[in-house]
Every structure is written in structure tokens, then in C-alpha cells.
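*Asks:* Got a predicted structure plus its sequence, pasted below:
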Amino acid sequence: MHELSMADAMIKTVIEVAEKNDAQEITEVSIELGEMTLLNPEQLKFMIEVLSEDTLLEGAEIIIETIPLEIKCQSCGYSGKTSSDELDHYAPIINCPECESMELEIITGRECNVKSIKIEKSDENAQDS
């Protein structure tokens, strides 16, 4: 389950940034998660919540935005979204929905980013990082 290692890395990053900004508390974390990562958003959120106990992140709202898989076909020129429903963790294979070619450029869908962090400082002013 790679959600555990991703959650751990995200928590460390978020807390490090919050501490550098003198945060007393982290109130919200927004995450972009591409379909190609094959991470389960619910499991990732659960792992973050469990691992963040007794940290600045405990109790923060975790918002996960799923970024759809978008491709550009090198064979027929198709550009747009494609289904990730059939992706397998062991052998993710993507075909162009127009010509079935596998010569593709992935435009979006590989993201795994902490998009924003909302913190509370001791003076009660919320800050975005």
C-alpha cells in the first residue's frame, strides 16, 4: 500500500512548511492527486488523518482533488481525457480512445502535490502557504 508512504511524506512536508511559517495549527490541506498515481484518495486521506495524530496537522480538513488522466496521441493527434478505469497497479496500460495507439504523451494525471496549506498563527490570523 503506497498510500502509507505518500501520506507520511506529505505530512512531513506540510508540517515542515507550517513550522517555518510559525504555525500554531494547520486548519486545511489541499492535495492534487492524479488518476495515474493509482493512489486511492479515501485511503490516502485516512492515512494522513491517522499519521497526523499529536501533530500540528491533527484535526485539519484534508481536501483531495482528483486530476483526470489527459493524453495527447502521437499517432492520430487526439488530445483529451481518457478512461483510467482499467488501469492496473502492476501494468498500467493506456490506449488512445480514438485509434488504440499506445504512443501517447500524458498531459495530466500524474500529479501528487500539496496544493495549499492553511495555518493559524498565534495572533489568530490565518495564512496561506
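*Replies:* Ah, there it is.

*Asks:* Next, name the residue at the spatial heart of this structure.
*Replies:* The chain has residue 33 as the residue nearest its centroid, 2.8 Å off, counting by Cα atoms, centre = their mean.

*Asks:* and that one, what are its phi and psi?
*Replies:* phi -130, psi 110 (degrees, to the nearest 10).

*Asks:* now it: how far from residue 79?
*Replies:* For residue 33, the distance to residue 79 (Cβ to Cβ, to the nearest Å) stands at 22 Å. Quick note: C-beta positions are derived from backbone N, CA and C, even for glycine.

*Asks:* Residue 68 and residue 26, how far apart?
*Replies:* In terms of Cβ to Cβ, residue 68 sits 28 Å off from residue 26.

*Asks:* Now do the helices in this protein.
*Replies:* Using DSSP state H, the helices of the chain run over 2-20, 41-51.

*Asks:* For residue 117, which of these is the nearest?
*Replies:* Closest to residue 117 of the helices of the chain is helix 2-20 (Cβ to Cβ; 5.6 Å).

*Asks:* Cool, thanks, signing off.
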